[in-house]
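*Asks:* here you go, sequence then predicted model.
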Amino acid sequence: MANYKVRRRGWPGGPPSACSLAPLSLPSPQAADSKREQFRRYLEKSGVMDTLTKVLVALYEEPEKPSCALDFLKHHLGASAPENPEVEALRLEVAEMKEKFEAVLEENKKLKAKLAQYEPPQEEKRGE
């Protein structure tokens, strides 16, 4: 038996016809409008629309427009967010740690000065 290579050109079984292609399933305009309306109501109910409106009005009323409007929005949206109690507790802890750190630095400075009184000057050490 001879070995033959089968070459196929084009589509196996022929090119697809318009009837064999599956139609795209697009949502009906009514369904899209309904979903859009539900989402709009959700945004209004959760206060997102009011907050965005206030921030955009503040940007509009800004006498000198910022070079980066997105940074303006981020700053104002972040400032209007309610404060998380855990974040406030961490801020207090950071403030306390800063105070302790400053006290330790001051104590370290005093101890170094006290220690310097009992140590011979650096030049004498080298001469020995």
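*Replies:* That came through fine.
*Asks:* in this protein, which residue is most central in space?
*Replies:* Central residue of the chain (Cα atoms, centre = their mean): K74, 9.8 Å from the mean position.
*Asks:* so what's the residue count around V57?
*Replies:* V57 is flanked by 10 other residues according to other Cβ atoms under 10 Å. Using the backbone N, CA and C atoms, a C-beta is placed for each residue, glycine as well.
*Asks:* that one sits in which helix or strand?
*Replies:* Taking DSSP states H and E as the criterion, V57 maps to helix 48-61.
*Asks:* which residue sits closest to L59 in space, ignoring its chain neighbours?
*Replies:* Spatially, and ignoring its direct neighbours in sequence, L59 is nearest to F72 (5.6 Å; Cβ to Cβ, 6 or more residues apart in numbering).
*Asks:* okay, that neighbour and P63: tell me how far apart.
*Replies:* Separation of F72 from P63 (Cβ to Cβ, to the nearest Å): 13 Å.
*Asks:* could you do T53 as well?
*Replies:* Here T53 is placed at a distance of 20 Å from P63 (Cβ to Cβ).
*Asks:* between these two, point out the one with more neighbours.
*Replies:* Shown here are T53 and P63; by other Cβ under 10 Å, T53 has more neighbours (10 against 4).
*Asks:* let me see the contact set for the residue nearest to L59.
*Replies:* L59, E62, P66 (Cβ atoms under 8 Å, 6 or more residues apart in numbering).
*Asks:* ok, how many other residues are close to the first one?
*Replies:* When neighbours are counted by other Cβ under 10 Å, L59 registers 14.
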